[in-house]
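Q: no sequence on this one, just coordinates:
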């Protein structure tokens, strides 16, 4: 008889907890959609500040603005964390053309982030089109020497995840110059990482690694339409010349900051949950999707926790990382300081995949923790949040990885992300208010559940 | 032993069928995304033809264009089905303002579809703001007589489905004039059915029902920003006057057409599956989302079936319905003719919720058929299609409803739909190519499964 009462008690306790969770999620979504702050913050970041490349005056403004806004929320602590970041400037607008039979056709390009400038007056040479890094070896020095290498492998359109398509192409952008200079190329031009055919060149990071500055060659992105016409032109006239001028400068590293705010936990203040996005962006647009959205959604998580009257057991921190785009210095610094201080991070969530309708999360965690997450799926169903899969999380939170932490990334609908990514049209008007707010509510809901139920502790395997 | 072999045979047959289905869906999605036709068709419909209000020259052009395109696909039959439709014209652009203390402020309005014109030179009167039809009775004739009724109940922002929010407001638009004239109002202005604050007025159908033409009062939609400032103004000065001018004309019904094409079934030609959208649109934009998207996706279903080399067992028909927006004459006519001919429709699918990323389908069918649909869910998982719920289907296919047919509606992400619905910004540039193509592939996949496995026959309950 006592057993039955215990069972009944347990069953009603479970159902009571579930009802409380349903109620809290409803409050979170409702508050975000009817009384949200994320869209107004993004409006300021995008339209009053604009592009926020690491080391720029705008990046510094964004640090001050978000710090002040977090302070206005009445968090328990708000502070800046110093971090040295690279400083690269595009300089005046790039120019590019191709020339065949005396006819000059201009095409839209932009310098890749970190590229050297062309020599004064630009460079002009014949072009060799390839489908990827692997083609260079087969062509060899004699076919590449003195030419401009044109990487034209498009993103694979039949992949459902556009991030997967990006992953299958971005080696051309990141490593294209370093590989081509080994064969004597004098410059590279890379098809923009964009599934759509349009006229926007898309920038993004590239690296020379250990190549001496004097030996570096300039690297540009060409719009997808530009890539298509250049490729057609090369079929008509393989002797077509390509010319481009770029004015970029790499400076010494400068001081910048991660922006951090927290609500200190009421029961387990030493168990830290972080939620974040990156405050820096590329310089061409205003970085609304990448990653203004993640920044304001992360700030909104803490605001929604307070606004809905929830008292977190654990410490909930928002971290706005500096320099994700071209260095990851902010993410590395945060993890380094956390380690030095012996801080215990139990859950980290990043939003860095655009402000589109949220579909769910990707988790980098143990089987036990993933099983707990799966048990929460029914709570998210009314909000059409259905995607809970193992996978990557976010670049900035990656350095926190250990065998105990749960890392997660918000996964919004990805179809339009690369229409805007790193391009001039990554702007405020491309973000839908409700989609942004749904993302913030979805993040807040997951943070609430991890705060309330904690993570599953993993047994350490003896070494 | 024999039993075990039978079981093994059955298990391998099931697994073989599942593999074949997985393969077919993959082919369908891949073809739509890499070699699709839907986006080019939409480009033509939207940019070469434009808005296609029933009875207009553009609607007739759209009939001819889509018929010719279906013929070019090499279907087994393509034909036009005659249908008489209403013809209403907006006339020259509407004008509206409010006037207080000698200051005149213009606001964006548009006539609701079916409205009468204002008298020449327009009307001007005091305004009474209400939150819905139910408020009129309480106010009574003495407070409404001679005034303009301003319906200002906004769409409910905390509903996840924007269609649900629309459903909760649209009575003001459809029935607002008819209700207000009972109390002596001389005109109505309705807050646009739009969750976003912007400057676009959104049109849509309204009805006077049996009210004599002479007694009808003009009905306009005001943009959401316009509604906000008008409401604020009325709080400051309740004597504020509102004036507007509209030039609409209702003509006699004219002849138009549904456009129909089919692949005749190879095994069960008398079992008909239809897939469709509506060819007419409102006149302000070019009707890209509503419902150019549904039209080209439905055409694409038949093209993808042919292109992937699948031979349907049942007859697969595309039906492009005329006059969904302001009459539903096409949908009614199609069902009427089907009944006359004794045609047996087993499955009907409509796409009329925009060309956004597909999330799944809503089904109006028996429990047995819904259970079969649920068994197909795993096949859709790789494409992030997760929404399979009981509910409505589509307005045009509704008249086919009986106790055997399965009716379904494609359910794309709904967050941005009402940003564009029935407004000047329902244009081609607001449609993402991949999102449109994913919708076409999702529809084709469901049609394939219903064709291959058929519907579950329901036992008739004896009367």
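A: On my side now, so go ahead. A quick note: this is a predicted structure, and the numbers were derived from the prediction, not measured. Numbers count the residues shown, from 1 in each chain, chains lettered A, B, ... in the order given.
Q: so who does residue A:324 touch?
A: Neighbour list for residue A:324: A:278, A:280, A:291, A:330, A:331, A:352, A:395, A:396 [criterion: CB atoms under 8 Å, 6 or more residues apart in numbering or on different chains]. Any C-beta I mention is one placed from the backbone N, CA and C, and that applies to glycine too.
Q: could you flag which of these are buried?
A: Among those, those classed as buried by 16 or more other CB atoms under 10 Å in any protein chain shown are A:278, A:280, A:291, A:330, A:331, A:352, A:395, A:396.
Q: is it true that the last one touches residue A:329?
A: Read it as residue A:396. No. Proximity of residue A:396 to residue A:329 does not meet the contact threshold set by CB atoms under 8 Å, at 10.1 Å.
Q: remind me, longest helix of chain A?
A: Ordering each helix of chain A by length in residues (DSSP state H) puts helix A:2-35 first.
Q: host element of residue A:304?
A: Per DSSP states H and E: residue A:304 is located in helix A:293-307.
Q: Around residue A:392, how many other residues sit close by?
A: Close neighbours of residue A:392, defined as other CB atoms under 10 Å in any protein chain shown, add up to 16.
Q: From residue A:422, how far out is it?
A: Distance of residue A:392 to residue A:422, given as CB to CB, to the nearest Å: 19 Å.
Q: Next: residue A:403.
A: According to CB to CB, residue A:403 and residue A:422 sit 34 Å apart.
Q: Which one's more surrounded, the two?
A: The residue with more neighbours, out of residue A:403 and residue A:422, is residue A:422; 29 against 10, by other CB under 10 Å.
Q: Show the contacting residues for the residue in the stretch 1-150 of chain A that chain B sits nearest to.
A: When scored by CB to the nearest CB, the stretch 1-150 of chain A has residue A:30 as its residue closest to chain B, at 4.2 Å. Residue A:30 sits next to residue B:158 when contact means CB under 8 Å, 6+ apart.
Q: and what of residue A:145?
A: A:183, A:184, A:185 are the contacts of residue A:145 under CB under 8 Å, 6+ apart.
Q: The stretch 51-200 of chain A: helices as residue ranges?
A: Secondary structure of the stretch 51-200 of chain A, counting by DSSP state H, counting those that start in this stretch: helices at A:57-72, A:134-144, A:162-167, A:170-181.
Q: Turn those into TSV, columns for mean pLDDT.
A: What follows is the helices of the stretch 51-200 of chain A, written out as TSV (pLDDT from 0 to 100):
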stretch	mean pLDDT
helix A:57-72	98
helix A:134-144	97
helix A:162-167	98
helix A:170-181	98
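Q: As CSV, the ones you listed with mean neighbour count and distance to residue B:417 would be great.
A: Written out in CSV, the entries for these read as follows (neighbours: other CB atoms under 10 Å in any protein chain shown; distance: least, CB to CB, whole Å):
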stretch, mean neighbour count, distance to residue B:417
helix A:57-72, 18, 31
helix A:134-144, 13, 44
helix A:162-167, 18, 22
helix A:170-181, 22, 33
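Q: looking at those helices, which is closest to residue B:24?
A: helix A:162-167 (21.7 Å; CB to CB).
Q: Show residues contacting the closest one.
A: A:155-157, A:159, A:193, A:195, A:353, A:414-415, A:417-418, A:421, B:434.
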